[in-house]
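Chemist: Here you go, sequence then predicted model.
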Amino acid sequence: MSEPSISSAELITDPVYIEVVKQLRPHASKDASISPESIILSDLGMDSLAIMDFVFDLEDALDLTIPEHRIAEVKTIADLVAAVYLLQKEA
């Protein structure tokens, strides 16, 4: 998956990043620090059910479908934002 080149500082003001964080916050552990470099599986205190609930909420919020193979490629929040942009471009 090729990712757009964007710095973490630029990413935190990106509208897709902001929506991802908005949808992620209710599913992450209360003390989790969310940043573009956060590793979804290990840094955010989420189990597989919480991750799937988050993905469904994100799909609804962004009006898109994220295929399972794309989810498997995502490790960080920045990866997820890049995947969303690729999906929007492909649509």
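Modeler: Perfect, thanks for sending it.

Chemist: how much space is there between V16 and I39?
Modeler: 19 Å (Cβ to Cβ, to the nearest Å). For every residue, glycine as well, the C-beta is placed using N, CA and C.

Chemist: same thing with L80?
Modeler: 11 Å.

Chemist: the more surrounded of those two?
Modeler: L80 (25 against 12; other Cβ atoms under 10 Å).

Chemist: where does the residue positioned nearest the centre of the chain land in three-state SS?
Modeler: Residue closest to the average C-alpha location in the chain (Cα atoms, centre = their mean): L80, at 3.8 Å. Secondary structure for L80, judged by DSSP: H, G, I helix; E, B strand; the rest coil, is helix.

Chemist: Touching, it and V74? I think so.
Modeler: Yes: contact status for L80 versus V74: in contact at 4.8 Å, counting by Cβ atoms under 8 Å.

Chemist: residues in contact with L58?
Modeler: 19-20, 23-24, 66, 84 (Cβ atoms under 8 Å, 6 or more residues apart in numbering).

Chemist: Okay, it and L80: tell me how far apart.
Modeler: Taken as Cβ to Cβ, the span from L58 to L80 is 8 Å.

Chemist: Name the residues contacting each of these two.
Modeler: V20.

Chemist: and stretch 12-25, which residues are buried?
Modeler: Residues 14, 16-17, 20-21, 23-24 are the ones in stretch 12-25 that count as buried (16 or more other Cβ atoms under 10 Å).

Chemist: Equivalent analysis for stretch 30-49, please.
Modeler: For stretch 30-49, by 16+ other Cβ under 10 Å, it's 34, 36, 38, 40, 43-44, 46.

Chemist: swap in stretch 56-64?
Modeler: 58, 62.
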